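1. Provided below for reference: sequence and predicted model.
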Amino acid sequence: MVKHQIDARGETLGRLATKVANLLRGKHKAGFTYHQDHGDEVVILNPGEIQVTGGKAAKKKYYRHSGYPGGLRTTTLAELLEARPEQVIIAAVRNMLPANRLRRGWLKRLKFNINEN
């Protein structure tokens, strides 16, 4: 297993998530098969410095529900990028991976290196 480091500075969110999903699945390897896990570990550097195109920062919303009546909470992409940028990347990568039994293992190999400058 190889450890890939990707610098997220200036990268577009969707294009970064596609690259990361393919590395986690192992699609870049010659022995790739859909039903087996051949992926590598991916470390994302500077996750807070990703870019989004258009007006997505203000218009795109993330929803979560507590399970209680009236418990729906919404957060915009800009707010989530400010507070927890790694959660935005995890959500994008998670949605680009197939929904099967291998997805949890792939996501465990996604790491972040946050530089506090």
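-> Here it is on my side, so go on. None of the values given here were measured: they were computed from a predicted structure.
2. for residue 49, what are its contacts?
-> 8-10 (CB atoms under 8 Å, 6 or more residues apart in numbering). For every residue, glycine as well, the C-beta is placed using N, CA and C.
3. what do you get for residue 64?
-> Applying CB under 8 Å, 6+ apart, we find residue 64 in contact with 72-73, 75.
4. pLDDT added to the contacts of residue 49, as CSV?
-> Output for the contacts of residue 49, formatted as CSV (pLDDT from 0 to 100):
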residue, pLDDT
8, 95
9, 95
10, 94
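5. only the buried subset of those, as a PyMOL command please.
-> For the buried members of those, the matching PyMOL selection, counting by 16 or more other CB atoms under 10 Å, is:
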select buried, resi 8
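6. need the contacts of residue 49 in TSV (columns: distance to residue 21 and secondary structure).
-> Below are the contacts of residue 49 laid out as TSV (distance: CB to CB, whole Å; DSSP: H, G, I helix; E, B strand; the rest coil):
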residue	distance to residue 21	secondary structure
8	14	coil
9	20	coil
10	19	coil
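7. for the contacts of residue 49, give me JSON lines that also has distance to residue 81.
-> As requested, the contacts of residue 49 are exported to JSON lines (distance: CB to CB, whole Å):
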{"residue": "8", "distance to residue 81": "11"}
{"residue": "9", "distance to residue 81": "14"}
{"residue": "10", "distance to residue 81": "14"}
